[in-house]
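*Asks:* Task: produce atomic coordinates for the following.
(one chain, ligands or ions: 1)
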Amino acid sequence: MKQLKKITILTSLAAILAGGAMAQTTAQGTAGANAGVVSKSADMAEGEIKKVDKATKKLTIKHGEIKSLDMPGMTMLFQVKDLAMLDMVKAGDKVKFKVENSTGAIVVTEIQLAK
Ligand SMILES: [Cu+2]
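*Replies:* Got it, this is the predicted structure:
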């Protein structure tokens, strides 16, 4: 189980890197550009990074509705599953992300830049 999640994170990392490269070459491109990458987007929440805090290892995200947690839109702090996520985003980035509420803490398990 733990191993599987790690693979998921690595996969999404690769997707983000690929998506970023694509975005640079097709600056005027539209939503179609990453259609193949975000095949699981249906269960991902949308948000905007407000703050990346490496000291506390948390992200402040202004998010839309998170159906999996039955949570309306708000701005809040999230823990991250993988510290590498803190280097993948910066304040102002629009993102899509997945969260898990396993141990009482809400943790971001996947994150990718939204186009
Ligand atoms: Cu919230």
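*Asks:* going forward, measure contacts between C-alpha atoms and count neighbours the same way
*Replies:* Fine.
*Asks:* what about residue 115, how many neighbours?
*Replies:* 16 (other C-alpha atoms under 10 Å).
*Asks:* do residue 103 as well
*Replies:* The burial count for residue 103: 7, using other C-alpha under 10 Å.
*Asks:* Need the per-residue pLDDT for it.
*Replies:* For residue 103, the pLDDT comes out at 76.
*Asks:* Ramachandran coordinates for it?
*Replies:* phi -110, psi 30 (degrees, to the nearest 10).
*Asks:* Please enumerate the strands of this structure.
*Replies:* Ranges of strands in the chain, per DSSP state E, are 45-53, 58-63, 74-80, 94-101, 106-113.
*Asks:* Would you mind listing the buried residues in the third one?
*Replies:* When burial is assessed from 16 or more other C-alpha atoms under 10 Å, strand 74-80 yields the following buried residues: 77, 78, 79, 80.
*Asks:* Show me the one of the strands of the chain that comes nearest residue 87.
*Replies:* Minimum separation from residue 87 across these (C-alpha to C-alpha) falls at strand 45-53, 8.6 Å.
*Asks:* what lines up beside that closest one in the sheet?
*Replies:* Using DSSP bridges, strand 45-53 pairs in its sheet with strand 58-63 (antiparallel), strand 94-101 (antiparallel).
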